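1. only the shape, not the letters, is given here:
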């Protein structure tokens, strides 16, 4: 009885407001339950009480009761692991899983399902791979629940090939695991592979449900597969899901908007029988993401006119377009609406979007003020402020905020790490040691397999002059995607290794990955720095003819720079004049510098006239033109231009260098 009184007193103090309090008291008061005697009945009672304590938020009491249990079984450990996970303590949950193994408790299928779910949701991929090994040891890899979690784990880790191998090696597959695969492939944007899996699904006589089509439509939208998406639309109509399922209807709206067919997206939205807030949000996001600000605001007004109260999601699209368009006035108006509806209180997404909006619109003080006045410094708000500070090139404050997140136990994610790495790569203090510190943070937190962090590490190591480390990180990626290849190509291009950049580009093509505009730009920069004219021409021509990508100003500027470097000034000028878009200041400046180097007076005079026409108020242009005329011996024109520049009070910002005394290195910011 003394033990009972002690436990009852303990629960009275810690769980008095728990909705299950009466049940816990009954469990520990009942003499027939024999709570404090060993045996299965006692363990069951303890497990039940621990579960209820977790559900009412008394985490410390639940852990204390668990530690003082006379006996524990596998269900006891599962209860604590699940309870900690649901309470938001994922790392502590994994700690108890390791304790469970160290004490010789054998896991069951529920244990593995719970732990793998934690690894999936929290991004602990490396720990998930270790759990996979134990799953194989106990022969539970064919269990559909565990197999589904493993497939999801490897998908989220970016190892799509391994995930598909696990999936196709299963002796049987149900609809749920097919949907896991469809969702995973749609998340990584592998649209063609997604349709291939869908074909296999049909051949296996597994009928897709509404959820399957939501994933398929999302994948077709990300890959801009309009024809295939229309075919899925027909199947949806045939099954009558458009009328019955608003999620599929919203998915179709998002699909057509992603493919740029806004008229169809609008018609489909009007055809949805009961238009809910999600439907309205989809249309607002459609117009906002495509830069159609007027149409987005018009739909937003119609939504309120019809009595649909805007949700937080309604404002996120408008805040994002305000950020992209740098429309401060609109952003402030949206901020007022958010305050009026009280959506700023406790809504992390709204708070972070507002911080991001003010930062992108050039009002960094507004971002800092919002962050400081927020009720809680959340990870999302910290990430938004870090991005805003980096956007304004306030590198020192980016690092201070990152250290603040560590000191205050806020933690960090892939966005925090990649932002810190970008700030480091742009700072004067980038070095092997500083890169290594952030690399250790990535490894310790389990983000070393995240593609965004990997690409940032490759970029930062290369900018610090350690290309070997960049190569090592790239080789460790089991299934590199197009972004990883582009990062490595850019690393080679920056240090003048054009041949290696071109080899990496060819390897990317052989793996079936589609290069984008940035990939081609990096390859052309590498060729330019290495003087590889023939190869650059081939790559430049293949953009439109082979890959269907129209070169923009950046690609033309790179080709003009390359041709000018090796003395093909006339060809560079012809390329500017024959371009579908008119040459800009960067192209003509590059051409003028080439004319100075190779003493091409005629082409140089034309480039100088064009520059003066494009940038009449730019001091750098005036001094560049003046130097050119002095170079070719036309001193009268050179002096005249300088006198006009002085009369207009034009001046150039003087460059400066920073010296790190501790390492005797000189940096030019």
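-> Arrived safely, thanks for sending. Nothing here was measured: the structure is a model prediction, and the numbers come from that model.
2. what about the helices in the stretch 251-400 of the chain?
-> Here the stretch 251-400 of the chain has its helices, by DSSP state H, counting those that start in this stretch, at 262-271, 277-289, 293-305, 312-325, 328-341, 348-360, 364-373, 379-391, 395-407.
3. go through these and pick out the most buried.
-> Of the helices of the stretch 251-400 of the chain, the one with the most neighbours on average (mean count of other C-beta atoms under 10 Å) is helix 348-360, at a mean of 24. Where C-beta positions appear, they are placed from N, C-alpha and C, glycine not excepted.
4. who's in contact with that one?
-> Residues from elsewhere that reach helix 348-360, judged by C-beta atoms under 8 Å, 6 or more residues apart in numbering: 312, 315-316, 319-320, 322-324, 326, 331, 334-335, 338, 343-344, 364, 366-367, 370-371, 374, 378, 380-381, 383-385, 387-389, 391-392.
5. again, but for stretch 77-90
-> Outside stretch 77-90, the residues within contact range by C-beta under 8 Å, 6+ apart are 47, 50-51, 53-55, 57, 59, 62-63, 66, 92-93, 96-97, 100, 105, 108, 110-111, 114-115, 117-118, 121-122, 124.
6. of the helices of the stretch 251-400 of the chain, which is nearest residue 618?
-> Nearest to residue 618 among these is helix 379-391 (23.1 Å), distances taken as C-beta to C-beta.
7. mind giving me the packing neighbours of that closest one?
-> Using 3 or more C-beta pairs under 8 Å, 6 or more residues apart in numbering; DSSP states H and E as the contact test, the elements touching helix 379-391 are helix 348-360, helix 364-373, helix 395-407, helix 414-426.
8. sorry, back to before: closest one to residue 209 among the helices of the stretch 251-400 of the chain?
-> With C-beta to C-beta as the criterion, residue 209 lies closest to helix 277-289 of the helices of the stretch 251-400 of the chain, at 19.1 Å.
9. the chain: strands as residue ranges?
-> 658-660, 665-667 (DSSP state E).
10. hey, least reliable of the ones you listed by pLDDT?
-> The minimum mean pLDDT among those belongs to strand 665-667 (a mean of 46).
11. any regions of the stretch 501-650 of the chain where pLDDT drops low?
-> For the stretch 501-650 of the chain, the stretches with pLDDT under 70 are 579-583, 650.
12. can you check the stretch 351-500 of the chain too?
-> In the stretch 351-500 of the chain (pLDDT under 70), the answer is 428-429.
13. switch the cut-off to 80
-> Counting by pLDDT under 80, the ranges of the stretch 351-500 of the chain that qualify are 375-376, 409, 411, 427-432, 445-450, 478-479.
14. top helix in the protein by residue count?
-> What stands out as the longest helix in the chain, according to DSSP state H, is helix 40-55.
15. and that helix, what's buried?
-> For helix 40-55, the neighbour count (16 or more other C-beta atoms under 10 Å) marks 42-54 as buried.
16. what's it packed up against?
-> helix 21-29, helix 59-67, helix 74-86.
17. in the second one, what counts as buried?
-> Along helix 59-67, these residues count as buried under the neighbour rule (16+ other C-beta under 10 Å): 59, 61-63, 65-66.
18. swap in stretch 82-98?
-> Neighbour counts over stretch 82-98 (16+ other C-beta under 10 Å) mark 82-85, 87, 89-90, 92-94, 96-97 as buried.
19. and the average pLDDT for the longest helix of the chain is what?
-> Taken as a whole, helix 40-55 has a mean pLDDT of 82.
20. which ones are touching residue 262?
-> 256, 286-287, 290, 292.
21. and it, how far from residue 100?
-> From residue 262 across to residue 100, the span is 54 Å (C-beta to C-beta, to the nearest Å).
22. same question, residue 527
-> Residue 527 is 57 Å from residue 100, where distance means C-beta to C-beta.
23. these two: who's more crowded?
-> Using other C-beta atoms under 10 Å as the criterion, residue 527 and residue 100 rank with residue 527 on top: 27 against 21.
24. excluding chain neighbours, what is closest to the more buried one?
-> What sits nearest to residue 527 in space, not counting adjacent residues and going by C-beta to C-beta, 6 or more residues apart in numbering, is residue 536, at 3.7 Å.
25. repeat for residue 615
-> residue 621 (4.4 Å).
26. next, count neighbours for that neighbour.
-> 23.
27. now do residue 188
-> Residue 188 - counted by other C-beta under 10 Å - has 19 other residues nearby.
28. right, and it touches residue 161 too?
-> No: contact status for residue 188 versus residue 161: not in contact, 11.1 Å apart, counting by C-beta atoms under 8 Å.
29. how far away is residue 640 from residue 646?
-> Taking C-beta to C-beta, one finds residue 640 at 11 Å from residue 646.
30. which residues sit in contact with residue 321?
-> By C-beta under 8 Å, 6+ apart, the residues touching residue 321 are 288-289, 291, 293, 296, 327.
31. repeat for residue 567
-> 594, 598.
32. mind doing that once more with 6 Å?
-> By C-beta atoms under 6 Å, 6 or more residues apart in numbering, the contact set of residue 567 is residue 598.
33. measure it to residue 528 for me?
-> 14 Å.
34. now residue 56
-> Residue 56 is 65 Å from residue 528, by C-beta to C-beta.
35. higher neighbour count, these two?
-> Comparing residue 56 with residue 528 by other C-beta under 10 Å, the one with more neighbours is residue 528, at 24 against 17.
36. out of everything not next to it in sequence, what's closest to the more buried one?
-> Closest to residue 528 by C-beta to C-beta, 6+ apart is residue 562, at 4.0 Å.
37. tell me how many other residues surround the one you found.
-> Neighbours of residue 562 (other C-beta under 10 Å): 26.
38. hmm, back to that, now render the contacts of residue 321 as TSV, adding pLDDT and distance to residue 597.
-> Formatted as TSV, the contacts of residue 321 follow (pLDDT from 0 to 100; distance: C-beta to C-beta, whole Å):
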residue	pLDDT	distance to residue 597
288	73	47
289	70	45
291	69	41
293	74	45
296	79	49
327	86	43
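39. pick the one among those residues closest to residue 468.
-> Checking these against residue 468 with C-beta to C-beta, the nearest one is residue 289 at 40.5 Å.
40. for the closest one, give its distance to residue 48.
-> Distance, residue 289 to residue 48, by C-beta to C-beta: 49 Å.
41. for residue 210, same thing?
-> Noted for residue 210: a distance of 37 Å to residue 48, by C-beta to C-beta.
42. what does residue 138 give?
-> According to C-beta to C-beta, residue 138 and residue 48 sit 27 Å apart.
43. got it, and residue 568?
-> Separation of residue 568 from residue 48 (C-beta to C-beta): 82 Å.
44. again with residue 637
-> To residue 48, residue 637 is 93 Å away according to C-beta to C-beta.
45. now residue 252. Nearest residue, chain neighbours left out?
-> Among residues not flanking residue 252 along the chain, residue 268 sits closest, at 5.4 Å (C-beta to C-beta, 6+ apart).
46. thought the one you found was touching residue 251?
-> No: using C-beta atoms under 6 Å, residue 268 makes no contact with residue 251, being 10.1 Å away.
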